[in-house]
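In: Fold the following for me, if possible:
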Amino acid sequence: MNLTIVGLRTTGTLIGLALKAATSEIPIVGHDPDPVRTRRASRLGAIDKSHWNLISACSKADMILLDLPLDELETTLAALDKELGENVVLIDTCPVKRPVMEIAERTLNHHTQFVGGHLVARAPQMGESELSPDMTKGAAFYLVALPDTSPQALDMTTNLAVAIGAKPQFVDAVEHDGLVAATSQLVLLSALALADTLTDSHGERDRQQGVGSEYAALGSILNNTQVSSSELLANRDNLIRWFDALAEHWSTWRETLTIEAGGKLADEIERVTEISERWMRSREETPEAEPALSWRDMLLGRRKRQKR
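Out: Residues are numbered from 1 along each chain as shown. Now for the predicted structure:
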């Protein structure tokens, strides 16, 4: 199998890096108009070579992974659709899926095999300055299929996820975007709002001198997340509903802080902390999904041995 990664941002580069850590037998070509991102992917070993021209980069690909902002996806799919053969599998990595699937349905010919994907990778730990293949280990890899997507294309995308150590999970686009609004986008917007509050110009210098690990954690969210206003707006119906829920909880916590007299605040801190720790443990302990075929058989083109 030959893989081309179009868009060498964080997710595209990370998937290339993790796949290279799993096998050296899959050639990976990278394409990104930003030479800085291309050089970074090459230096990390996430790609074998790059090509400045989109069509040339994808000419020999059996699978094309798209790591593009939502507002660049349609023009790229339209350009590729005119050139692709029937057996090429396209998978995107945009963190919202409803608009992506709508774009794919109106842009691609019926023979093009498209699967919507979203990798929820582990964030870099304190002290990590580079991407690591370990960031995909045990990560959820959501997959959303069009109605006419072939079983072979679904097998290939499933086995790609397994090859990088992730856990493939098939969901529909509506379910996916509801999950992402709560677990990713609401966290990001809350971090933006908190940072905006803390960096208000009045007294900013004094606060800047007093930041510690708590603010570093906030900065890590903002610095390691690809923020796209178009993706947030495309999921605004879910986000507004979660913002309303968050506002109610802020009010409850403010009231608890105001009337604190007998340990209720301590109880609430303990309760929420325990729930959060349980969530993180369950993510690590969830059993890996079984692929339809061995990922090596599917991605490397090997046949299973016949039983005697």
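
In: and residue 29, which of the three is it?
Out: Assigned with DSSP: H, G, I helix; E, B strand; the rest coil, residue 29 falls in the strand class.

In: Test my guess that it contacts residue 3.
Out: Yes - shown here, residue 29 and residue 3 form a contact pair, counting by Cβ atoms under 8 Å, at 7.4 Å. All C-beta atoms are positioned from the backbone trio N, CA, C, and that covers glycine.

In: Overlap in contacts, these two.
Out: In the contact map built from Cβ atoms under 8 Å, 6 or more residues apart in numbering, the residues linked to both residue 29 and residue 3 are residue 61.

In: Where does the residue positioned nearest the centre of the chain fall, secondary structure wise?
Out: The residue lying closest to the centre of the chain (Cα atoms, centre = their mean) is residue 119, at 3.5 Å. Element membership of residue 119 [criterion: DSSP states H and E] is strand 113-120.

In: Can you tell me the strand partners of that strand and which way each runs?
Out: Strand 113-120 has these partner strands in its sheet, going by DSSP bridges: strand 89-92 (parallel), strand 140-145 (antiparallel).

In: Distance to residue 56 and mean pLDDT for those strands - can I get that in a markdown table?
Out: As requested, the strands paired with strand 113-120 are exported to a markdown table (distance: least, Cβ to Cβ, whole Å; pLDDT from 0 to 100):
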| stretch | distance to residue 56 | mean pLDDT |
| --- | --- | --- |
| strand 89-92 | 17 | 96 |
| strand 140-145 | 28 | 96 |
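
In: Tabulate those (TSV), appending mean neighbour count and distance to residue 296.
Out: Written out in TSV, the entries for these read as follows (neighbours: other Cβ atoms under 10 Å; distance: least, Cβ to Cβ, whole Å):
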stretch	mean neighbour count	distance to residue 296
strand 89-92	25	17
strand 140-145	22	18
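
In: same question for the strand holding residue 119, mean pLDDT?
Out: Mean pLDDT, taken over the full extent of strand 113-120, equals 96.

In: got a list of contacts for it?
Out: Taking contacts as Cβ under 8 Å, 6+ apart, the residues outside strand 113-120 that touch it are 11, 14-15, 65, 86-95, 97, 100-101, 104, 108, 136, 139-146, 149-150, 152-154, 157, 161, 166, 173, 176, 180, 184.

In: switch the cut-off to 7 Å
Out: Residues from elsewhere that reach strand 113-120 (Cβ atoms under 7 Å, 6 or more residues apart in numbering): 11, 15, 88-93, 95, 97, 100-101, 104, 108, 136, 139-146, 149-150, 153-154, 157, 166, 173, 176.

In: do the same with stretch 86-93
Out: Outside of stretch 86-93, the residues within contact range by Cβ under 7 Å, 6+ apart are 11-12, 61-67, 73, 100, 111-119, 153, 156-157.

In: Dump it to PDB, keeping only the CA atoms.
Out: The C-alpha atoms that make up stretch 86-93 are tabulated as PDB, following Å, rounded to 0.1, in the frame of the first residue of the first chain:
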ATOM      1  CA  GLU A  86     -12.000   3.700  -8.200                       C
ATOM      2  CA  ASN A  87     -10.000   1.900  -5.500                       C
ATOM      3  CA  VAL A  88      -8.400   4.800  -3.800                       C
ATOM      4  CA  VAL A  89      -9.600   5.400  -0.300                       C
ATOM      5  CA  LEU A  90      -9.900   8.900   1.100                       C
ATOM      6  CA  ILE A  91     -10.000   9.600   4.800                       C
ATOM      7  CA  ASP A  92     -10.200  13.000   6.400                       C
ATOM      8  CA  THR A  93      -9.300  14.000  10.000                       C
END
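
In: No more questions from me, cheers.
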